[in-house]
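Asks: Prediction below, plus the sequence it came from.
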Amino acid sequence: MSVSCPLNFEKVDANIARFNSLFVALSVLVYLYSGLVFILFFLAFDFVMRLFCNAGLSPINLLATFFKNVFGIGESYTDGGAKRLAAYFGLLFVLLLILSHYIDNYTLTLAVAGVFLSCSLLDVFFNFCIGCKIYYIIKKIYPNFMNNL
């Protein structure tokens, strides 16, 4: 079984997911530059919308779809379960950034942001999704992982 095979038989457009990663990374960079915590709350809201509500209504997803259409980029599908797990990791990173902001630990903020930005930018520039790789490994060990989510 190859890494690119569908593991939960739900497909998402990989190009929109890459634009999502780009906008998330840019938002984290703006937060690091400005220190405005509401940017992190916006990101948390967006991840919650994508994970637990209608992903099509998330502001970043709408923006990503708009840019994909403006640039005329075609569709490229990938496994939706893997991208969903990556979004859970993204939400975890954002919550850790909010926590580190409020405990006023700038070193922790930079460490979490560095890992988060690395993961996001690997997806943007090299189409290499760390969350997807972790998902694939977990699915090999626990085939029913995330089937009910």
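Replies: Yep, it's here.
Asks: Which strands or helices does the host helix or strand of S27 pack on?
Replies: Using DSSP states H and E, S27 sits in helix 14-34. The contact analysis (3 or more Cβ pairs under 8 Å, 6 or more residues apart in numbering; DSSP states H and E) places helix 14-34 against helix 38-52, helix 59-70, strand 77-79, helix 80-102, helix 106-126. Bear in mind the C-beta positions are built from the backbone N, C-alpha and C, glycine included.
Asks: And M1, what's its pLDDT?
Replies: Per-residue confidence at M1 stands at 37 (pLDDT).
Asks: Kindly report the same for P6.
Replies: According to the prediction, P6 has pLDDT 44.
Asks: Please apply the same query to Y77.
Replies: Note on Y77: pLDDT of 89.
Asks: Throw the helices and strands packed on helix 14-34 into CSV and include mean neighbour count and distance to L29, thanks.
Replies: Shown next, in CSV, are the helices and strands packed on helix 14-34 (neighbours: other Cβ atoms under 10 Å; distance: least, Cβ to Cβ, whole Å):
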stretch, mean neighbour count, distance to L29
helix 38-52, 18, 10
helix 59-70, 16, 14
strand 77-79, 19, 25
helix 80-102, 20, 12
helix 106-126, 16, 7
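Asks: which one of those has the lowest average pLDDT?
Replies: Among the helices and strands packed on helix 14-34, strand 77-79 carries the lowest mean pLDDT (a mean of 86).
Asks: Now do the contacts for the residue nearest to I39 when sequence neighbours are not counted.
Replies: In this structure, I39 finds its nearest non-sequential neighbour in Y31, 4.3 Å apart by Cβ to Cβ, 6 or more residues apart in numbering. Y31 is in contact with V37, I39, L40, L97, A113, counting by Cβ atoms under 8 Å, 6 or more residues apart in numbering.
Asks: OK, contacts around the last one?
Replies: Contacts of A113 were listed using Cβ under 8 Å, 6+ apart, and they are V28, Y31, L32, L97.
Asks: count of neighbours near the first one?
Replies: Counted by other Cβ atoms under 10 Å, the residues lying close to V28 total 24.
Asks: With that, I have no additional questions.
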